[in-house]
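**Student:** need coordinates for the following:
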Amino acid sequence: MLHPHLLASLALLAGTGTAFAEPILGTWRLSNGETVTYSRCGSSFCSRVETGRYKGKSVGQMGGAAPTYTGTVIDPRDGKSYEGSAEVTGNSLVLTGCVARIFCRSQTWSRQGG
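**Tutor:** Down below sits the predicted model:
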């Protein structure tokens, strides 16, 4: 039989959903000052440009769990998509897009407000 305090804690966690938010969630600042927000979309994490020239466009979708995520990176300039990954360490996110897993380009973003 479960201890009453443990049972109460489990019930509290079940009522609040995920106990800990994924580190990729939130708003990230790019080196040019523009911002991108990652939010949940089903079991994945979808991105949206919040400011600047490409406001409203997606820069991809990631799946997985902290600290490394994989998925698709979209170049908002032309809509082309690439194999991608994101790694979150503290208040930094390194987003990498690759063509044929050989030619890769990365950007480091910082958590807005972090």
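**Student:** what's the burial count for R29?
**Tutor:** 19 (other C-beta atoms under 10 Å). Bear in mind the C-beta positions are built from the backbone N, C-alpha and C, glycine included.
**Student:** and the residue nearest in space to the middle of the chain, which of the three is it?
**Tutor:** By C-alpha atoms, centre = their mean, the mean C-alpha position of the chain lies nearest to I24, the distance being 3.4 Å. What DSSP: H, G, I helix; E, B strand; the rest coil gives for I24 is coil.
**Student:** pLDDT value on G114, please?
**Tutor:** The model reports G114 with a pLDDT of 63.
**Student:** show the contacting residues for the residue nearest to the centre of the chain.
**Tutor:** 38, 45, 62, 66, 69, 86, 88, 93 (C-beta atoms under 8 Å, 6 or more residues apart in numbering).
**Student:** buried subset of those as a ChimeraX selection?
**Tutor:** Selecting only the buried entries of the contacts of I24 in ChimeraX, with 16 or more other C-beta atoms under 10 Å as the criterion:
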select :38,45,62,69,86,88,93
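**Student:** which of the contacts of I24 lies closest to T51?
**Tutor:** For the contacts of I24, the minimum distance to T51 (C-beta to C-beta) is 14.7 Å, reached by Y38.
**Student:** so the closest one sits right up against W28, yeah?
**Tutor:** Yes - at 7.2 Å, Y38 counts as touching W28 under the criterion of C-beta atoms under 8 Å.
**Student:** follow-up on the earlier one: most widely separated two among the contacts of I24?
**Tutor:** Farthest pair in these (C-beta to C-beta) is Y38 and A66. Separation: 12.2 Å.
**Student:** the nearest residue to L30 once chain neighbours are set aside bridge partners, please.
**Tutor:** Of all residues beyond its chain neighbours, the one nearest L30 is W109 (5.5 Å), with distances taken as C-beta to C-beta, 6 or more residues apart in numbering. Counting by DSSP bridges, W109 is bridged to L93.
**Student:** what strand or helix carries the residue lying closest to V59 once chain neighbours are set aside?
**Tutor:** Nearest residue to V59 in three dimensions, chain neighbours excluded: S47, at 4.6 Å (C-beta to C-beta, 6+ apart). According to DSSP states H and E, S47 maps onto strand 44-49.
**Student:** done for today, thanks.
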